[in-house]
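turn this into a structure:
(chains A, B and C)
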Amino acid sequence: MDKLPNESRRSFLKNSAALTALTFSPTVLIKAGAHDEKIASLFEKVPLQLSINGVTHKLTVEPRVTLLDLLREQLGLTGTKKGCDHGQCGACTVHVDGRGINSCLSLAIMNNGKKITTIEGLANGNNLHPMQEAFIKHDGFQCGYCTPGQIMSAVACVREGHANNKAEIREFMSGNICRCGAYPNIIDAITEVKNGGQSL
Amino acid sequence: MEKELSITESYFVDDRVDGIDKVTGKATYAAEHKLPDMAYAVFVCSTITKGSIKNMLLSKARKAPGVLDIIYYGNCPVVPGHNPYAKDPNKKGYEWRGLKVFANNLVHSNGQPIAMVIADTLERAVHASSLVKAEYVQEVFDIDFEKLKQDDNKLIKLNEYKRGTADVYKSAAIHVEGEFTVPYETHNPMEMHATIAVWDGDDKLTVYDKTQGPKSTQSELAANFGLDPKNVRVIAEFIGGAFGSGLRSWPNVPAACIAARILKRPVKLVLTREQMFTIVGYRPYAWQKIGISASADGKLTGITHHAVSNTSRYENFSEGIVNASQFMYTCPNVNTSYKILPLDINTPTWMRGPGPATGCVALECALDELSYKLNIDPIELRLINHTETHPVSELPWSSKFLKECYQLGKEKIGWHNRPTVPGSLKENGMLAGYGMAVGVFGAGRGQASVKGLLKDNGTLVLQSAVSDMGPGTSTAMVKIGAGLMGLPENKVEFELGDSDLPPGPTQGGSGSTSAVGAAITDVCGELINILKELAIANAPSFAGLKPDAVAYDHGELYVIDDRAKRISFTDVMQLAKKPLIEVDKTSGRLSAEARKYAMNSFSVHFVKLHVNPVTGVIQLKHIVSTADAGKIIAYNPARSQMVGGAVGGVGMALTESTLIDPRYGRYINSNFADYHVPVHADIPEIDVLFADKPDLIINPMGSKGIGEIAIVGVAPAIANAIYNATGKRIRELPITADNLM
Amino acid sequence: MINFEYSKAKSAKDAMEARTKNPAAQFIAGGTNLVDLMKRGVTAPEQLIDITALPLKQISASANGITIGALALNSDVAENELVKTKFSLLAQALHAGASAQLRNMATVGGNIMQRTRCSYFYDMEMPCNKRTAGSGCGAAEGYNRMHAIFGASDSCIAVHPSDMCVALAALDATVHISGIKNERKISFTDFHRLPGNTPELDNHLQPGELINSIYIPNNHFNKNHYLKIRDRASYAFALVSVAVALEVKDQVIKSARLAMGGVAHKPWRLTEAEQFLAGKQITEKLFQEAAELSLQHAKTYQHNGFKIKLGKAAIFEALTNANT
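Now for the predicted structure:
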């Protein structure tokens, strides 16, 4: 078994001399038992390597950190949005190894070694991705908050071959909620990119 | 002079000025500002519905790693606006509107913030917040609207209106009567409400907030914390939707400020989706009873409309639910009443189309029902009762192109295919139906200030402290400025979302374009005057001319009688050695002359849908939304607002309802999996058609508001189409398959 | 979410041993349900054992059927050519579930193991016997629009939320399970359990056991249809769903499989209706009678009474759609 976390965590816990140096809550740490382990595990970080938009990041994170919060709060990549934090809106959609996923339900550590593409990595320098251009042209957004997720899903929709007609696009894109109601414009944007035939 | 200032007729490419920021992820929303040493605050919310907190159990959370502080009523410093009587019980100072967060141990509603955990990382703050528990003294609560809606002991009577005789419909041969329910609906913008607060010393505060009104948030915070408004800066550059939830500051705004002050470091407080249901308002639950009668020729003889909607126990929130019934149609006898029911729940607030969005469900469905009784086409019935004079104020409308809207939509949807007998049209085995309904909302113009900065490189910067929650305000303002100055739109910039800019109105009630655009018109007029004077004083070919003899286009001034004599704005400024011309203008509210008119925007929505005759599943096939919103300034964003309103209306009609378990007062579906907002698959083709006729009485651009009429009338149009398809008249929203099997 | 120890298992044995050693550990693969439950505090494992490196992603055909690895992604299964052609009911059901993104994360094993979406289960402040034994059932007298009409008990009226499982139940699938000591198979319809007095148990998997794969036997069903009825057109859990697989020749049903979703604590096979349909000539009346028969033992609650009528309508519609 791969012990990605601190190899010696359990013994580390038993020899709690090191822990007492941490002054957060000595009273709790003195106590023995499962609860202490939980508290202790709060301090624990695990190494993680990700390629995000072509840049390799070597990080250490708590296992509970989601990919979304890692991007937004630790790496400053706030283009990926939090709309619900429970996989119910699609605002946090990113590509992992080329496939769209909800980054809010994905533990960052479980993406170790994977390639992540976020909205910030879609354009080629100053040249917008065709889907970004189509969203502008068709006014596929209003407030813009769901837009990065919509665009990431839209790219996947065309790339994965689910953009053959409007009904199919609508069904595929239904995991991305837009409260401003830009849906028809988004469908028009995707249709145009699909018909344009560019390789995405 | 006035005549010269007209916006270029041809639509230029209407790409949003902030489009690139939005499609690349560069647009920065409230929670996304990066500040050094930021701490994370998370609300702990009440788990009971009414009562008081006996004891807060904080020790576990305090010991959790990374916790910097936990703030609750027991240790929260006194905020002046939360305790206006503290210094002198007789002298009332500013009082914070709504829930005074952490001011005392009272619980007014389930999901009310009762404590705030601040930690060094988000994960730690979230986890520690789950460790905070409260011991309560519970009290009996009222939460069940359905049970109490007609309990006169509980209701607060607000407006009553009568013209002619009351309740005429009751004795009329041809009449309809029905009760309608619009449930709690939650705004649910995609961006959750968020505030970052930073103090510079004890008297200077900067706040990044999701607000529709940077200036109103600034003044609320200044008063609440006893600060000079000049020392409070509110930044709201990008707003991820709001639909009304950002029209006032909710407890998260002062809470973040309190935390940042105590910790002396920036604090970020972002609500969870669940908290979006219990902290930042919602469309109130409404019960309506409506009765309408007509003579056989279709002329309305009586309208009676009663409405009850809920409010909280600590604020009286009301909206104009019955107003449209008073003035939309010619009718000699109209009586309405409106009452509110205080419940142990947080305060509702304006949600897109507040008032008419609810009221028109009753009015427009009842009219539809009446049309079948009369055997008159529903559009015809409305035309028969069309009025050019506002029946309540008896003023003429400043503009009303409602008839044009009927015509536009009727053709586009293919109204001639509508079956006159409900349930009689089948397409591919599905029951097909058509419906329509009218929407209306007040129009007008508020006060706004705009600063214009014309630079000698030919660029114009316009500034106003408004915000843009999505309708495309910046785009429209750039278009107005560019059009008026004869400049290409890429030379014009609109700066907004910062309370340090000249005061602009709160974005709401479809009023931004009207107010700010009017101020921009004044700014541009003044800039042109200055340029002319500078040209006359400095350019030889303009010497000695009267300003009236000079006109302009494409960034140049020219002599009217000799068009070959031209000079660019840039050259004028350089000649005059003026690198910058700065103009501040405040455009006032409506003039006394303008107030001789009634002012409204109008919409007519048309829907075609299918209902599965076996399962009752509804599939929308086509929506056509038409609007009289005055002159359309920026076509794409305007069209998108209408499309978005239609989508919101689909939610009202078919999917949305915030559910509360009356036994506990807790929310059943406070998440996006169970609170169903429409998804892509719910939405058909939507066509938008504008009458596009200027209303120059309201403002010099001729525009009226769009945001509200976009949704008002959509839900009843859908309900009417469902009736047309199935013969089933469902008066309780949302209408789901199980109603139609 | 409380922090936890994370470890990545290299082999099934590794994973099962770790799980057996630590009763407070849980396996994680797609995480779409588990991470959500952890965020809500409904579950708080001390250790997560990441099983995504195990070699259980294969979809492979044998002479008699198809074996789908427990770690195959929902989207991969739905798009698999073999599944699309020979087990289209399964592909349809998968497409009806969740969203494209979630299907890219969720595994077949995780889909089977997902927990109910009952609001009372998710809200830590409300009673729920499934979450907190003995706390009561909030839904029984609460808001129960989504809840069970078959096989519920006084202690729990929750439903299993999966679409995929409804199809697997109809297709006579088998769950292949690894344990530390031995491997075993459970018929899919016996995998999930009814709530009874122990609603905390969703299924018959023992602690430490791991789902290896799903086996679906080849069949002769030439008419397949999955119908899902929900409160919006997509991305919502079923009010009711119906999986229909028919072997029809000359408008005579040789054999039939029917299962319902959104109606019970487990995918609900309609064996009585299957037997009734077998050997009969297809008529509208036949489908109506099958629908009637299917719902005759339903028991409804305050807010889900419509499910009887809707259930019948859905069965009739699904049978009709399958046959056209």
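
does chain B sit close to stretch C:303-323?
Yes - interface with chain B: stretch C:303-323 contributes C:306, C:309-310, C:313-314, C:316-317, C:320 (C-beta under 8 Å from any C-beta of the partner chain). In this view, the C-beta of every residue, glycine as well, is placed from N, C-alpha and C.

quick one: which of the residues you listed is most hemmed in?
Compared across the residues of stretch C:303-323 next to chain B, C:A314 has the highest neighbour count, 32 neighbours, by other C-beta atoms under 10 Å in any protein chain shown.

pretty sure it sits against C:I229.
Yes - because the distance of 5.5 Å satisfies C-beta atoms under 8 Å, C:A314 is recorded as touching C:I229.

between the two, which contacts overlap?
Among the neighbours of C:A314, those also in contact with C:I229 (C-beta atoms under 8 Å, 6 or more residues apart in numbering or on different chains) are B:615, C:240-241.

dump these to JSON lines, plus distance to chain A and neighbour count.
Below are those laid out as JSON lines (distance: C-beta to the nearest C-beta, whole Å; neighbours: other C-beta atoms under 10 Å in any protein chain shown):
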{"residue": "B:T615", "distance to chain A": "18", "neighbour count": "23"}
{"residue": "C:V240", "distance to chain A": "19", "neighbour count": "30"}
{"residue": "C:S241", "distance to chain A": "16", "neighbour count": "28"}
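
now go through these and say which are in strands.
C:240-241 (DSSP state E).

tabulate the shared contacts of C:A314 and C:I229 (TSV), appending distance to B:R261 and pLDDT.
Shown next, in TSV, are the shared contacts of C:A314 and C:I229 (distance: C-beta to C-beta, whole Å; pLDDT from 0 to 100):
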residue	distance to B:R261	pLDDT
B:T615	57	98
C:V240	54	98
C:S241	53	98
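
residues in chain B within reach of chain C, list them.
For chain B, the residues in contact with chain C under the definition C-beta under 8 Å from any C-beta are B:47, B:123, B:126-127, B:130, B:612, B:614-617, B:619, B:654-655, B:659, B:661, B:663-664, B:666, B:668-669, B:673-674, B:676, B:678-682, B:736-738, B:741.

so which of the residues of stretch C:303-323 next to chain B belong to helices?
In helices, judged by DSSP state H, the following of the residues of stretch C:303-323 next to chain B are found: C:306, C:309-310, C:313-314, C:316-317, C:320.

so what's the closest residue to B:G442 other than its chain neighbours up against?
In this structure, B:G442 finds its nearest non-sequential neighbour in B:N600, 6.0 Å apart by C-beta to C-beta, 6 or more residues apart in numbering or on different chains. Residues in contact with B:N600 (C-beta under 8 Å, 6+ apart) are B:397, B:400, B:440-443, B:704.

now render these as TSV, adding neighbour count, secondary structure and pLDDT.
Shown next, in TSV, are the contacts of B:N600 (neighbours: other C-beta atoms under 10 Å in any protein chain shown; DSSP: H, G, I helix; E, B strand; the rest coil; pLDDT from 0 to 100):
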residue	neighbour count	secondary structure	pLDDT
B:W397	22	strand	98
B:K400	25	coil	98
B:V440	27	strand	98
B:F441	31	strand	98
B:G442	19	strand	97
B:A443	31	coil	95
B:K704	33	coil	95
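
just curious, which of those is nearest to chain C?
For chain C, the nearest member of the contacts of B:N600 is B:F441. The distance, counting by C-beta to the nearest C-beta, is 26.9 Å.

distance check, the closest residue to that closest one other than its chain neighbours against chain A.
Spatial nearest neighbour of B:F441, excluding adjacent residues (C-beta to C-beta, 6+ apart): B:E708 at 3.8 Å. As for B:E708, its distance to chain A is 14 Å (criterion: C-beta to the nearest C-beta, to the nearest Å).

enumerate every residue touching the residue of the stretch 1-150 of chain C found nearest chain B.
When distances are taken as C-beta to the nearest C-beta, the stretch 1-150 of chain C reaches nearest to chain B at C:E125, 4.3 Å away. Contacts for C:E125 were tallied using C-beta under 8 Å, 6+ apart; they are B:47, B:664, B:666.

go ahead and confirm the second one touches B:N110.
Yes - with the criterion set as C-beta under 8 Å, B:Y664 and B:N110 qualify as a contacting pair; they are 7.3 Å apart.

about what we covered before: kindly reformat the ones in helices among the residues of stretch C:303-323 next to chain B as TSV containing distance to B:S393.
TSV is the format used below for these (distance: C-beta to C-beta, whole Å):
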residue	distance to B:S393
C:F306	46
C:K309	50
C:L310	49
C:A313	51
C:A314	53
C:F316	56
C:E317	53
C:T320	57
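
chain B: which of these is nearest?
In terms of C-beta to the nearest C-beta, no member of these lies closer to chain B than C:F306, at 3.7 Å.

pLDDT at that closest one, what is it?
We note a pLDDT of 98 for C:F306 in this prediction.

now B:G588
The model reports B:G588 with a pLDDT of 85.

low-confidence stretches in chain A?
In the prediction, chain A carries residues with pLDDT under 70 at positions A:1-43.

and if we set it to 90?
Residue ranges of chain A with pLDDT under 90: A:1-44, A:125-126, A:197-200.

whichever residue of it sits closest to chain C: neighbour count?
Distance from chain C to each residue of chain A (C-beta to the nearest C-beta) is smallest for A:G175, at 2.4 Å. Other residues near A:G175 come to 26 when the count uses other C-beta under 10 Å.
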